[in-house]
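> show me the folded form of this:
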Amino acid sequence: MTDTETAVKNVLTETTTVALTPGYEGANIGTYIGFKHVNYLVEKAVIEHFRRSGLPVGELYERYGLGFDLVDLEARLRGGLFVDDEASLQVRPVTEHHDTVFRFKIAITVLRDGEPKKVVTASVSAVLRRDEDDRRLPDRVPSPAVLDRFTVAVIGTPEPGEEIPAAGTDQLVSGGSTDQDPVLEHLLAGRNGYGWKFRIPYPYVHFFSRMHMSSYLRQMEEAKHRFVDARGISIGAQLAERNWIPAVTHSRIEILGEALLEEDLYTVYTVEDIFKNLLYTARMDCYVVRDGRPVQVATGVITHGYGVVENGNRAKVVAWDERIDGALRNLPGEGA
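Next up, the predicted model:
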């Protein structure tokens, strides 16, 4: 068995555990770490799993031109993760013999009152995306056959939708956005949601050109903020008035295709389900327009409630009132 075959076997069969601390940037709720940065830790743990197994993701690209991409990431938050935590992340392979993606289950455990407590469970899928631009990889060598099963020439093959109205003529600068565009009107028709158009900037891509999972996590967080702001119940307003902060219990993002640097990304955030006055689930759908047709490049769901945080790390869930409920449901006269 070659070294690469052994490494792949390790990736697919061995469970690894790594200790990681969250980034300080993620502590935007007192000392709580937000869902986006929790998912960053999940991604980091999977990358460390590859390294410890003998298959570092950087080397996969440098030697073979294979870029590592998470294409599906789901996480359930069962407790708080704080800025001072040293979290233990267990990565357990669950890839089946017929799978063409790497699959893992991840558990995040922290110490609470001297006892281990599982605060996050997650599942992840990943692929290796081939870069065939020889200008970037003049010394590339053929990848071992054992990696072929998990290698793709392009991520996803989404089918273009029906022809849609022409996009707005205003050219956005890098990172620029607008929520007024004929394409958005088409995508939002009949939905209880909000959308915006966003020109993909360089910080949102990796391997030179394509959006990666962490960028879609940013979009999902931004979607929530834009949605409630547009409904007159912005995060800042609720904090100022009632000290309420959104709290995420579940999220999932699946990459369906590739969105590229300097393309216009259309993100639509739609409320799908409201559970009493405690939780609501929204869907995020992301599109690019090519040849006059929408191409869906990502989809996801996120479940929110509201909470109050005291002393930085002690939280309690609150039930929202008719004003919040009306804004979420887009009832006339509610929200603003």
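> now the phi/psi pair for Thr95, please.
Main-chain dihedrals, Thr95, degrees, to the nearest 10: phi -70, psi 130.
> for it, list the residues it contacts.
By CB atoms under 8 Å, 6 or more residues apart in numbering, the contact list for Thr95 reads 12, 101-104. Placement of C-beta: from N, CA and C, glycine included.
> spatially, what comes nearest to it if we skip its sequence neighbours?
For Thr95, ignoring the flanking residues on the chain, the nearest one in space by CB to CB, 6 or more residues apart in numbering is Arg103 at 4.6 Å.
> I'd say that neighbour and Phe150 touch.
No. Arg103 is beyond contact range of Phe150, at 10.3 Å (criterion: CB atoms under 8 Å).
> need the CA coordinates for whichever strand in the chain runs longest. CSV is fine.
Assignment by DSSP state E gives strand 293-310 as the longest strand of the chain. C-alpha atoms of strand 293-310 as CSV (Å, rounded to 0.1, in the frame of the first residue of the first chain):
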residue,chain,number,x,y,z
ARG,A,293,-30.9,32.2,-16.7
PRO,A,294,-30.6,31.8,-12.9
VAL,A,295,-28.2,29.1,-11.7
GLN,A,296,-28.6,28.1,-8.0
VAL,A,297,-25.2,27.7,-6.4
ALA,A,298,-26.1,27.2,-2.8
THR,A,299,-29.0,26.6,-0.4
GLY,A,300,-29.3,26.4,3.3
VAL,A,301,-31.5,26.7,6.4
ILE,A,302,-31.1,28.4,9.7
THR,A,303,-33.3,28.3,12.9
HIS,A,304,-33.3,31.3,15.2
GLY,A,305,-34.8,32.3,18.5
TYR,A,306,-34.2,35.3,20.7
GLY,A,307,-32.2,35.4,23.9
VAL,A,308,-31.0,37.6,26.6
VAL,A,309,-27.3,37.3,27.7
GLU,A,310,-26.2,38.3,31.2
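> and the helix or strand following it, how far out from the chain middle?
Heading C-terminal from strand 293-310, the first helix or strand you meet, by DSSP states H and E, is strand 314-318. Chain-centre distance of strand 314-318: 25 Å, with CA atoms, centre = their mean, to the nearest Å.
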